[in-house]
Every structure is written in C-alpha cells, then in structure tokens.
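> Predicted model and sequence below, questions to follow.
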Amino acid sequence: MAVFTDTFIEVLDLTRTQVSMAYLVGTVASSLFLTRAGRWYDLYGGRIMIAGSAAALGAMVLVISGVDVLSQLLGGSTVVTFALLLFAFFGVRFFGQGVLTSCSRNVLLLWFVKRRGLVSGIRSVFVSFGFAIAPLAIAFLITSFGWRGALWFMGLTVGLGFALMALVFIRDNPASCSLQADGVDPSDQDDAPVEAPSKTLDQARRSPIFWIYSLSLGMHALFGTALVFHVVAVFGESGLSAGVAFGYFLPAAVFSTASNLIASSFVDRYRLKPFLVCMLCVLSIGAIGLINLEHVWGYWVLAAGFGVGGGLWGVVSNLAFIRFFGPLHLGAVSGFNASISVFASAIGPAAFSLAVDHLGSYNAAAQICLGMLLALLLAALLIRQREVLPGRSGAT
C-alpha cells in the first residue's frame, strides 16, 4: 500500500497524516480480530480459510480502488472518505497480513515435523523475495495500467486466481489424505513423528513461555516497523542522506536471509530457547548501532544486528507455538500472538514520532527500545522452557 500513498493523497484529497492515521487505526482494529480468525482456522482448516481470506483480500483491494467513487456517492466529505479508506485498510491488513499469512504458515507446519524448521526457512526465502520485489512489481503495474488498474489487477489475481489455486491444491493436513507428516509410511508407527501435547489458548495464555515469545516477537515488530517507517528521518538525524538510508535495506536483507537459512538447518535438532536468546541479543546490538548511527561502525552494526535478528525472528515465529502448545489449537494460539505483533507494528511508528515530539530525537526512542529488549533478554534467560523436539518422544 505504501506505493499508492502519494496517489491516495492526491486523488482522495486527504493529507499525509490522514492517510497514515487511516492505516494506523485500520491496522490496530484488524489486530483485535485475529484471535477469532485463528479459531476459525482450527474449526474450518487451512484450505477453506486460505481460499476465503484470499477472496476477501481481493475484494478489499477492489474497495480501495473505488474509495473515491464510493465517497462521491455518499456525499464526498473528508470524513466519509477517511472512513472508507480506514475500512479498506482494515480489510487488507486483516485478511492479508493477518489471516492469509498466519493460515499459510500454519498449514505448512502441519505437513512437516522432523523437517519443520528447514521447510520454514526455505519458505521464508520466498516470502523475503516476494517482499523485496513487490514495490517494483506494483510500480510497474501502475506505470502500465494506472493506479486503479494496478489495484484491479492485484485484486482479481489474488481474489480469483489465488483463491482457486488454494481450493485445488491445498489440503488441511496429512491425515486428510491418509498420510503422515514428513512422508512417513502410515503403517510404520515406530517412525511416526512426535508432537507436543496440545494446549488451548487459555492454557497457553497462563504460561510465561507464551508471553516471553509473544512479547519478544512483538518487540521486533514494533522496533522494526518504526525504523522502516521513519528510516529517512532516522538516518537524517545522524547526518546521513536518504540514499544511505534506503541502501541500508540491502545488507540487512543479506544478513537476514543468510541467518534464517543457517538457523533453519539447525533448529530441528535443538531447543528453541538459544535461538530466542540470540535473537534478542543481536537485536540489542542492532539498537546500539542505531543509537551510534553517526559512526560508520554504527551503520554496519545496525544492518547486521537487525538483519540477523530478522532472520532469527522468522525461525522463532514459525516454530514457537506449535512446539510448545501443539497442533490442535495452533490457529487460536498463533492468532492471538499475531494480534499482539500486528498491534505492536501499528503503534511502533507513532511511538517513535511521539518520542521526537516529547524527548527531542529518534535516538531517545531507540534507547527505550534497547532497555525493553534487555529486559526481555533477561526474562528469556530466566524462564524455564520445556519442549518436545521434533521426532523425539521426550521433553528437553
């Protein structure tokens, strides 16, 4: 949606602040319903949820393409336009980043146990590649078909094409096809993969393990989104140009992809706690780099810290909840975590803006985030974690 921001400002006659607030409120509102969507996943399965959310996402993209027309039909006031855009952003965030992302991840996790970490790492490479090329691809569509035509193309592709593909190719789990995870022969019970005992969302919320992982993942979402949103201003505060600011994403992406693949190749054989601790450590180191961005070493420490931290975030977020709380209620448990992370990502940019207004700099916001990361790191070290490793019958 960021590629369309300037177009929305011009066509809808809204200020940049109004468009940003519509996106913020829509995102926060979407986070409040993700736990319910997770329960729908447990009830209806990945095939129906992925196809349904893809169709709904396509519909909401089409709504965005017609906000100006709908607004004129309803009177054309700024309040009406703002409300329509807010509703459309809510739908895109809820059905897209929320439901479709969570369901696509969860359905894959059920098909693998012993190789779950490796498969999740390979998936993350494709996700990262998609995020990397999306702005360029959307800009090409806008150039070729105009902004409204680009939105129609996107909406119809995901709403019809991808939804149909999901119905044809996706199956909820191996059992629905008389198979077992990892391609194990169903008659070979000795080689059957072992899962953690399943716990309900209420049971998970009473566990400190759930909160240390959810808050750590949410902290990454808050800090990372705030940095991306304000990247030019943050780098400018340290005397660096916009070119340098945008150039930061390339080395960070390299660090992220490499660390994700390396960690994914090991995580199936080891406990998840060291990966969580390492993630919080490198994010803290990255925060130190951000605080010292005026130095050359600060730039590279930031890129390495946030890059490696992002790669480890992918590993931890994929595996934490199914490892500790089992597959039966995975949708509800991971959905509640998703609501926390989406909410954190929504308030991150606003929190950094408030820090500038009341504390005088983005540096102050980074220092507060560093303190929060160190507190989470201490908690992660102290909280005892017992989990069932893939393919093993005992907890460790």
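Looks like it arrived, so ask away. Keep in mind the model is a prediction, meaning the values are calculated, not measured.
> Counting residues, which helix of the protein comes out longest?
helix 116-156 (DSSP state H).
> Run the chain-centre distance for it.
15 Å (Cα atoms, centre = their mean, to the nearest Å).
> all numbers from here: first residue = 178
All set: I'll call the first residue 178, so the last point we hit is now helix 293-333.
> Quick one: list the elements packing against it.
Taking 3 or more Cβ pairs under 8 Å, 6 or more residues apart in numbering; DSSP states H and E as contact, the helices and strands that helix 293-333 lies on are helix 182-189, helix 223-242, helix 278-286, helix 426-444, helix 473-502. For the C-beta atoms, the positions are set from N, CA and C on the backbone; glycine is no exception.
> Of all those, which one is nearest L453?
Shortest distance between L453 and those, using Cβ to Cβ, is found for helix 473-502: 5.5 Å.
> which residues does the residue nearest the centre of the chain contact?
Centroid-nearest residue in the chain, with Cα atoms, centre = their mean: Q274, separated by 6.6 Å. Each residue near Q274 by Cβ atoms under 8 Å, 6 or more residues apart in numbering is listed here: S207, V519.
> how close does it sit to G243?
22 Å (Cβ to Cβ, to the nearest Å).
> In JSON lines: the helices and strands packed on helix 293-333, plus distance to L417 and mean pLDDT.
Listed next are those as JSON lines, based on distance: least, Cβ to Cβ, whole Å; pLDDT from 0 to 100:
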{"stretch": "helix 182-189", "distance to L417": "23", "mean pLDDT": "86"}
{"stretch": "helix 223-242", "distance to L417": "34", "mean pLDDT": "95"}
{"stretch": "helix 278-286", "distance to L417": "32", "mean pLDDT": "88"}
{"stretch": "helix 426-444", "distance to L417": "14", "mean pLDDT": "88"}
{"stretch": "helix 473-502", "distance to L417": "8", "mean pLDDT": "91"}
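> Quick one: mean pLDDT over the helix or strand that the longest helix of the chain is followed by.
Next helix or strand after helix 293-333 toward the C-terminus (DSSP states H and E): helix 340-346. Mean pLDDT, computed over helix 340-346, is 95.
> in helix 340-346, what counts as buried?
A340, A343 (16 or more other Cβ atoms under 10 Å).
> Now do the next helix or strand along the chain from it: which elements does it pack against?
Per DSSP H and E, the first helix or strand lying C-terminal to helix 340-346 is helix 378-382. Applying 3+ Cβ pairs under 8 Å, 6+ apart, one finds that helix 378-382 contacts helix 211-221, helix 473-502, helix 507-536.
> any idea how far the nearest residue to V408 once chain neighbours are set aside is from A429?
Nearest residue to V408 in three dimensions, chain neighbours excluded: A422, at 4.8 Å (Cβ to Cβ, 6 or more residues apart in numbering). The spacing between A422 and A429, counted by Cβ to Cβ, is 12 Å.
> Show me which of the two is the more surrounded one.
Comparing A422 with A429 by other Cβ atoms under 10 Å, the one with more neighbours is A429, at 23 against 19.
> how close does the more buried one get to A316?
21 Å.
> now swap in F346 and tell me
On the measure of Cβ to Cβ, F346 and A316 end up 30 Å apart.
> domain assignment for this structure?
Domain ranges of the chain: 179-349, 376-558, per automatic domain parsing.
> how far is the last one from where the chain is centred?
Going back to what we said before, that points to domain 376-558. Per Cα atoms, centre = their mean, the centroid offset for domain 376-558 relative to its chain is 11 Å.
> mind checking which of the helices and strands packed on helix 293-333 is nearest C455?
helix 473-502 (5.9 Å).
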